[in-house]
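**Q** coordinates only, sequence not included:
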């Protein structure tokens, strides 16, 4: 059964370059981001996730909302299996793909075609299998001859297209995507939506972080709102969005 | 437990972890990660091969450059040093080529190893692949390069009409010892290099000193005193174990004892380091 579960998950980032961070500046930065504190060993840490619990099953399309630094990307990385929680339980069942920072996942000096093959190899495909998927990626990414050029010549939107095309072609059962996806143009976003919907038809889970509330409302059926690394709301997408966009009490 | 119902077309991959602060949890997690990485051998051999090709992809002679470089070094140094009496009965060209080939691999594992995770940071922060995977991918790449360097040895043997004889076949045992040791050395220095960014800067000058203090450019026998330096230098044994078969000699039992013990101790050490750092590594990149 495709599913994932997070139970009381907490996660800190160790900071190695913050030796000149004073306690005063640490306190003043509380408004955005997670809380900065000193670990028992005197190192600075950012508490990115605190006591997060989510349980998702096939068919869940989760829209993740929250201010910058609320912990959305960190949560996506935990769900996607990139970060291990330092505290708490984590379990994921199903093939997972993530599109979090497309530029990171692509080898900049390689062509689009070489990247497609390398990524597929990483996910255990044979070269023969991959090549059967290439026409589909070509058609979806609409990058034309650019696929033969090094990825470093692409704009960020084009990199997002390629990364997304590759990730969805491998038919993940769990797809985790960050707002970087929205660097694509309107036409691409439309087609990305179609593709995610097709993916959902195969009983999968989608987790999408975005500031584009309209898109989330169309695409998702469940919303999770985050604040300072905690989940503050989890429910039907329309309710969560309503709460998120409600004026903040002063 | 795995659900064996026929309805499921294939087994879903399961990933589970509980951060509970217990050491055993981290050991098991690191063990599973390493096992998964080795299991992806198709991926790291192919990707390692592609990385190897990529290094010289835009050059005229491609991978031949590596062989040419080593051959020129050996020929020049062979002419200069070969006339010294210290080489005695050795064929200086063969001796130097074997030493350089062995040293290439050793230094690639240590110096190259230190930047493995840093170079793989893009993949590791974007994809849920085993943390150990980049180590094997890099290992395979340098192993291919290492093997191509044997072309220099073949050229030198052919030109100087040197025949190592049957003892040469002992090299396959030595290569196996190189593989087993190479992976832990890579893993260890990859972790150190990711955590302590100064490591790369410190390692290169040290490697030069070690290179000069190890019998690569000069035979052991040429040392009149201070032999204890050689005995305490682990690299001496590693060089010997690969070079002796190439010179047609049987390596000393001591060489096998030291290199195999190094494998046992080293894997223990690297395993501990990996279990401790596996989950933190991504944050260091």
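**A** Nice, thanks for sending it over. Values in this document were obtained by computation on a predicted structure and should not be read as measured data.
**Q** okay, and for chain A, where does confidence drop off?
**A** A:17-34, A:38-43, A:180-184, A:248-250 (pLDDT under 70).
**Q** How much space separates residue A:52 from residue B:241?
**A** Residue A:52 sits 52 Å away from residue B:241, going by C-beta to C-beta, to the nearest Å. For glycine as for every other residue, the C-beta is placed from the backbone atoms N, C-alpha and C.
**Q** Which residues of chain B lie near chain A?
**A** B:3, B:12-21, B:29, B:40, B:42-43, B:46-47, B:50, B:54, B:121-129, B:133, B:278-280, B:282-284 (C-beta under 8 Å from any C-beta of the partner chain).
**Q** So the one residue in the stretch 151-285 of chain B that gets nearest to chain A: helix, strand or coil?
**A** As assessed by C-beta to the nearest C-beta, chain A sits closest to residue B:279 within the stretch 151-285 of chain B, at 4.1 Å. Following DSSP: H, G, I helix; E, B strand; the rest coil, the label given to residue B:279 is coil.
**Q** Find the nearest non-adjacent residue to it, please.
**A** residue A:84 (4.1 Å; C-beta to C-beta, 6 or more residues apart in numbering or on different chains).
**Q** Which helix or strand contains that neighbour?
**A** Assessed by DSSP states H and E, residue A:84 sits outside every helix and strand.
**Q** quick one on the thing from earlier: burial measure for the residue of the stretch 151-285 of chain B closest to chain A, as a count.
**A** 20 (other C-beta atoms under 10 Å in any protein chain shown).
**Q** Now do the contacts for it.
**A** Shown in contact with residue B:279 (C-beta atoms under 8 Å, 6 or more residues apart in numbering or on different chains): A:83, A:84, A:86, B:26, B:29.
**Q** for residue B:223, same thing?
**A** B:215, B:230.
**Q** Please apply the same query to residue A:195.
**A** Listed by C-beta under 8 Å, 6+ apart, the contact partners of residue A:195 are A:140, A:164, A:168.
**Q** now it: how far from chain B?
**A** Relative to chain B, residue A:195 is positioned 19 Å away (criterion: C-beta to the nearest C-beta, to the nearest Å).
**Q** any idea how far that residue lies from residue A:154?
**A** Taken as C-beta to C-beta, the span from residue A:195 to residue A:154 is 19 Å.
**Q** quick one: what helix or strand has residue 98 in it?
**A** I'll assume chain A. strand A:96-99.
**Q** Chain B was what I was after
**A** Using DSSP H and E, the element containing residue B:98 is helix B:92-107.
**Q** Report the mean per-residue pLDDT for whatever helix or strand comes next after that helix.
**A** The helix or strand immediately downstream of helix B:92-107 is helix B:116-119, counting by DSSP H and E. Mean pLDDT, helix B:116-119: 93.
**Q** can you list contacts of helix B:116-119?
**A** By C-beta under 8 Å, 6+ apart, helix B:116-119 touches B:124, B:134-135, B:138, B:186, B:189-191, B:193-194, B:281, B:284-285.
**Q** Could you rerun that using 6 Å?
**A** The contact list for helix B:116-119 (C-beta atoms under 6 Å, 6 or more residues apart in numbering or on different chains) reads B:134, B:135, B:138, B:190, B:194.
**Q** would you list those residues in a markdown table and tack on pLDDT?
**A** Shown next, in a markdown table, are those (pLDDT from 0 to 100):
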| residue | pLDDT |
| --- | --- |
| B:134 | 96 |
| B:135 | 96 |
| B:138 | 96 |
| B:190 | 95 |
| B:194 | 91 |
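**Q** Give me the subset of these lying in helices.
**A** B:134, B:135, B:138, B:190, B:194 (DSSP state H).
**Q** Now do the helices in chain B.
**A** B:23-39, B:41-55, B:64-82, B:92-107, B:116-119, B:121-124, B:133-148, B:150-159, B:171-195, B:198-213, B:227-232, B:234-246, B:253-277, B:281-284.
**Q** For the ones you listed, which has the smallest mean pLDDT value?
**A** Comparing mean pLDDT across the helices of chain B, the weakest is helix B:227-232, with a mean of 82.
**Q** can you list the residues of chain A near chain B?
**A** A:13-14, A:80-82, A:84-96, A:100-101, A:104-105, A:121-122 (C-beta under 6 Å from any C-beta of the partner chain).
**Q** Filter those down to the ones in helices?
**A** A:104, A:105, A:121, A:122.
**Q** Does the residue nearest to residue B:279 touch residue B:16 like I think?
**A** No: applying C-beta atoms under 6 Å, one finds residue A:84 not in contact with residue B:16, separated by 10.7 Å.
**Q** Of those two, which one has the most company?
**A** Legend: neighbour count by other C-beta under 10 Å for residue A:84 and residue B:16, higher for residue A:84 (25 against 12).
**Q** got the phi/psi numbers for that one?
**A** Phi and psi for residue A:84, reported as degrees, to the nearest 10, are phi -90, psi 140.
**Q** hmm, back to that, generate a ChimeraX selection restricted to the buried subset of the residues of chain A next to chain B.
**A** In ChimeraX, a selection of the buried entries from these looks like this (16 or more other C-beta atoms under 10 Å in any protein chain shown):
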select /A:13,80,81,82,84,85,86,87,88,89,90,92,93,94,95,96,100,101,104,105,121,122
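**Q** All the strands of chain A, in order from the start?
**A** A:3-15, A:35-38, A:44-57, A:61-66, A:87-93, A:96-99, A:174-177, A:205-209, A:222-227, A:230-236 (DSSP state E).
**Q** Would you mind giving those strands as TSV with distance to residue B:253 added?
**A** Shown next, in TSV, are those (distance: least, C-beta to C-beta, whole Å):
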stretch	distance to residue B:253
strand A:3-15	47
strand A:35-38	54
strand A:44-57	51
strand A:61-66	63
strand A:87-93	50
strand A:96-99	51
strand A:174-177	55
strand A:205-209	59
strand A:222-227	63
strand A:230-236	63
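**Q** Of these, which stretch is the most buried?
**A** Mean neighbour count (mean count of other C-beta atoms under 10 Å in any protein chain shown) peaks for strand A:174-177 among the strands of chain A, with a mean of 27.
**Q** could you measure the residue lying closest to residue B:125 once chain neighbours are set aside against residue B:115, distance?
**A** Leaving aside its sequence neighbours, residue B:125 sits nearest to residue A:104 (C-beta to C-beta, 6+ apart; 5.5 Å). With the distance defined as C-beta to C-beta, residue A:104 ends up 17 Å from residue B:115.
**Q** ditto for residue A:143
**A** Taking C-beta to C-beta, one finds residue A:143 at 31 Å from residue B:115.
**Q** Save the contacts of residue A:195 as JSON lines, and put in neighbour count too.
**A** JSON lines is the format used below for these (neighbours: other C-beta atoms under 10 Å in any protein chain shown):
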{"residue": "A:140", "neighbour count": "20"}
{"residue": "A:164", "neighbour count": "26"}
{"residue": "A:168", "neighbour count": "21"}
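**Q** rewinding a little: and the strands of chain A: which comes nearest residue B:249?
**A** Among these, strand A:3-15 comes nearest to residue B:249, with 50.7 Å by C-beta to C-beta.
**Q** Each with direction, which strands does that closest one pair with?
**A** strand A:44-57 (antiparallel), strand A:87-93 (antiparallel) (DSSP bridges).
**Q** hey, what's residue A:55 bridged with?
**A** Counting by DSSP bridges, the residues bridging with residue A:55 are residue A:5.
**Q** Quick one: end-to-end length of stretch A:119-129, please.
**A** 12 Å (C-alpha to C-alpha, to the nearest Å).
**Q** Quick one: distance of that stretch to the chain centre.
**A** 22 Å (C-alpha atoms, centre = their mean, to the nearest Å).
**Q** Spell out which residues sit in contact with the residue nearest to residue A:234 when sequence neighbours are not counted, please.
**A** Leaving aside its sequence neighbours, residue A:234 sits nearest to residue A:224 (C-beta to C-beta, 6+ apart; 5.0 Å). The neighbourhood of residue A:224, defined by C-beta under 6 Å, 6+ apart, consists of A:62, A:64, A:231, A:234.
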